[in-house]
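K.L.:
One predicted model, sequence on top.
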There are 2 protein chains.
Amino acid sequence: MERQTKQRKVIMEELEKLSNSKIHPTASELYIEIRKKLPRISLGTVYRNLEDLSKEGEIVKVNCNSFCRFDIHHEKEKSHVICKRCEKVFDIKQPIKIGFDKETFEKETGFKVLDLRINVCGLCKDCKNKKVSKGNK
Amino acid sequence: MERQTKQRKVIMEELEKLSNSKIHPTASELYIEIRKKLPRISLGTVYRNLEDLSKEGEIVKVNCNSFCRFDIHHEKEKSHVICKRCEKVFDIKQPIKIGFDKETFEKETGFKVLDLRINVCGLCKDCKNKKVSKGNK
DNA sequence: ATACATGCAAACTTTTTGCGTCCCC
DNA sequence: GGGGACGCAAAAAGTTTGCATGTAT
């Protein structure tokens, strides 16, 4: 049903490659990378495809503070570690077990659960040790 | 240490009132509400205070898709239910239990954990039943 | 008194969109 | 061939910031 364009294919490939290297790029980081293969691709196309892929459940959009990062969709309940300062996203080794019964919740609330996100927010090793005055981001 | 201004006080009061009514406003929704009490307050002030309060751990900033919503900080591990379509944030009654050992994680990774967020993403009762064509948001 | 917060408006960043063209099915 | 996707550029939306002024301590 979705048209398989050159652009869409390369976007998926690059995101997959980066995600496998534990890098979860922003739209523009991915755009820069993809331009090495498709120099005429537009940022709008990257955004449009990432949005579609995310709606289809092919990839995961992780909301950081000022922008989003993207990850390929391995499992339904993948957790992400997010640094509040540099806004990088890291993976977590083993999945976090959570006591949540989707069926009961849906029945009780009428809410349709599409996915569960566990975000561990804090400061990464690099940012933790940087001194910060009030002004810093 | 933090200066107790009229603005800051009212922002906190209003957010508390709304949160207690299970409403988790965006910055501009809160701004509109606050202007009823402080007509000359600026949106910049609302943003500045929300940012500070969030850094101090007084409130929680919940990243939805296109903007953020705010909630007063009750517990360290409060979960939020987020509708992907209307981007409203709902509370969840009982806390979700999760198998995550902060100390071990910090020791293993060097990451400093500030808080844990469980986001249940999906479609709320109202949005679930609305027909959507590809164009819709 | 003075340092910090505010109001205002302009700027910035990220993301979305309209439109004419291209190309996948 | 036709409709959906693309490139381009402009716009939108949310958030941040510089500066002069006001105000909490």
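P.N.:
Structure's in. What do you need? Remember, it's a predicted structure, so these values are computed and weren't measured experimentally.
K.L.:
where along chain A do the strands fall?
P.N.:
A:59-63, A:68-72, A:79-83, A:89-91, A:97-99, A:112-123 (DSSP state E).
K.L.:
helices and strands around the second one, which ones?
P.N.:
What that stands for is strand A:68-72. helix A:6-20, helix A:27-35, strand A:59-63 (3 or more CB pairs under 8 Å, 6 or more residues apart in numbering or on different chains; DSSP states H and E). Placement of C-beta: from N, CA and C, glycine included.
K.L.:
residues in contact with the residue nearest in space to the middle of chain A?
P.N.:
The centroid of chain A falls nearest to A:Phe70 when counting by CA atoms, centre = their mean (2.7 Å). Going by CB atoms under 8 Å, 6 or more residues apart in numbering or on different chains, A:Phe70 touches A:15, A:19, A:24-27, A:30, A:50, A:54, A:59-62.
K.L.:
what residues does chain A put near DNA strand D?
P.N.:
A:2-3, A:5, A:7-8, A:38, A:40-45, A:48-49, A:65-66, A:137 (CB under 7 Å from any atom of the strand).
K.L.:
Looking at the residues you listed, which are in helices?
P.N.:
Residues of the residues of chain A next to DNA strand D located in helices (DSSP state H): A:7-8, A:43-45, A:48-49.
K.L.:
Quick one: neighbours of A:Ile11, just the number.
P.N.:
28 (other CB atoms under 10 Å in any protein chain shown).
K.L.:
mind listing what's buried in stretch A:11-19?
P.N.:
Neighbour-count burial for stretch A:11-19, counted by 16 or more other CB atoms under 10 Å in any protein chain shown, picks out A:11-12, A:14-15, A:18-19.
K.L.:
re the thing from before, closest to DNA strand C out of the contacts of A:Phe70?
P.N.:
Within the contacts of A:Phe70, proximity to DNA strand C (CB to the nearest atom of the strand) peaks at A:Ala27, which comes in at 4.2 Å.
K.L.:
Could you report the separation of the closest one from DNA strand D?
P.N.:
12 Å (CB to the nearest atom of the strand, to the nearest Å).
K.L.:
repeat for A:Asn20
P.N.:
From A:Asn20 to DNA strand D the distance is 22 Å (CB to the nearest atom of the strand).
K.L.:
Next up, the contacts around that residue.
P.N.:
A:Ile72.
K.L.:
what's the pLDDT at it?
P.N.:
Listed pLDDT for A:Asn20 reads 94.
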